[in-house]
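Q: This is a predicted model, with the sequence first.
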Amino acid sequence: MACRLILVRHPPVNLAWQKRCYGQSDPGLSRAGQAMIGPLVSQIAARKPAAIVHSDLVRTRAIALPLARKLGIAAIAEPLWRERDFGTWEGRYWQAIYRQTGNAMDGMIDAPDKFRPGGGETTAEFAKRIEQAMAALPDVQSIAIIAHGGSIACVRARHGGAPLSQLGELIPPAGSYTIL
């Protein structure tokens, strides 16, 4: 694994998707999100990562490709870094999901090995996939990983020894980065 991880969460998505469960869906960035690209790329480039890995979705490519151009290196698209698979919940408003399921969504935290939101991945399966993504990282001194809130939370939990029940607390703000 790399000595230094620069974990970058994509900027805010299109306004039409901001109150929806978008997981592995592929919405573009909002105008505010697009305006964050240049400054975020400059901040990450100043950290001089030797490699760039992104989830392959448009909202991570929007940072990865300009960063790669600026640094003169290739960006590696790796689908293992995608957000959690929320199954049939994807594209639905969170409020509608809650009205239909009530507190069942708490199962993502309370039953990490069993609960499948919308028939998608359990929390444990999601965390295992991110562990596989970590194991596949290039062997370099510093890597910029442009990914998603849940993916980054899984890395932070693993790094800090936190239980899966704390993933929600480890999700960084959109358009931010964390260095481990």
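A: Done, it's in.
Q: Phi and psi next, for Ala77.
A: phi -90, psi 120 (degrees, to the nearest 10).
Q: buried sites along the helix or strand of the chain with the lowest mean pLDDT?
A: Within the chain, no helix or strand scores below helix 107-110, which has a mean of 91 by mean pLDDT, DSSP states H and E. Going by neighbour count (16 or more other CB atoms under 10 Å), the buried part of helix 107-110 is Gly107, Met108. For glycine as for every other residue, the C-beta is placed from the backbone atoms N, C-alpha and C.
Q: So which residues make contact with that helix?
A: Residues outside helix 107-110 that contact it (CB atoms under 8 Å, 6 or more residues apart in numbering) are Lys114, Phe115, Pro117, Thr123, Leu164, Ser165, Leu167, Gly168.
Q: and with 7 Å instead?
A: Identification of contacts with helix 107-110 by CB atoms under 7 Å, 6 or more residues apart in numbering yields Phe115, Pro117, Thr123, Ser165, Gly168.
Q: Same check on stretch 144-164?
A: With contact meaning CB under 7 Å, 6+ apart, stretch 144-164 is reached by 5-10, 44, 49, 52-55, 60, 63-64, 67, 81-84, 112, 123-124, 126-127, 130-131, 134, 166-167, 170-172, 178, 180.
Q: can you tell me which of these are in helices?
A: Using DSSP state H, the subset of the contacts of stretch 144-164 located in helices is Ile44, Thr60, Ile63, Ala64, Leu67, Thr123, Ala124, Phe126, Ala127, Ile130, Glu131, Met134.
Q: Spell out which residues sit in contact with Ile44, please.
A: Per CB under 7 Å, 6+ apart, neighbours of Ile44: Ile6, Val8, Leu67, Ala144, Tyr177.
Q: Once you drop chain neighbours, what's closest to the last one?
A: Ranked by CB to CB, 6 or more residues apart in numbering and with sequence neighbours excluded, the top spatial neighbour of Tyr177 is Val8, at 4.4 Å.
Q: can you pull the contacts of that neighbour?
A: With contacts defined as CB under 7 Å, 6+ apart, the neighbours of Val8 are Ile44, Ile63, Ala144, Ile145, Ile146, Tyr177.
Q: wait, isn't the last one in contact with Leu7?
A: Yes. Taking contact to mean CB atoms under 7 Å, the distance of 6.2 Å between Tyr177 and Leu7 places them in contact.
Q: what about the residue nearest to Ser55 when sequence neighbours are not counted, distance to Ser42?
A: Among residues not flanking Ser55 along the chain, Trp81 sits closest, at 3.9 Å (CB to CB, 6+ apart). Using CB to CB, to the nearest Å, Trp81 is found at 22 Å from Ser42.
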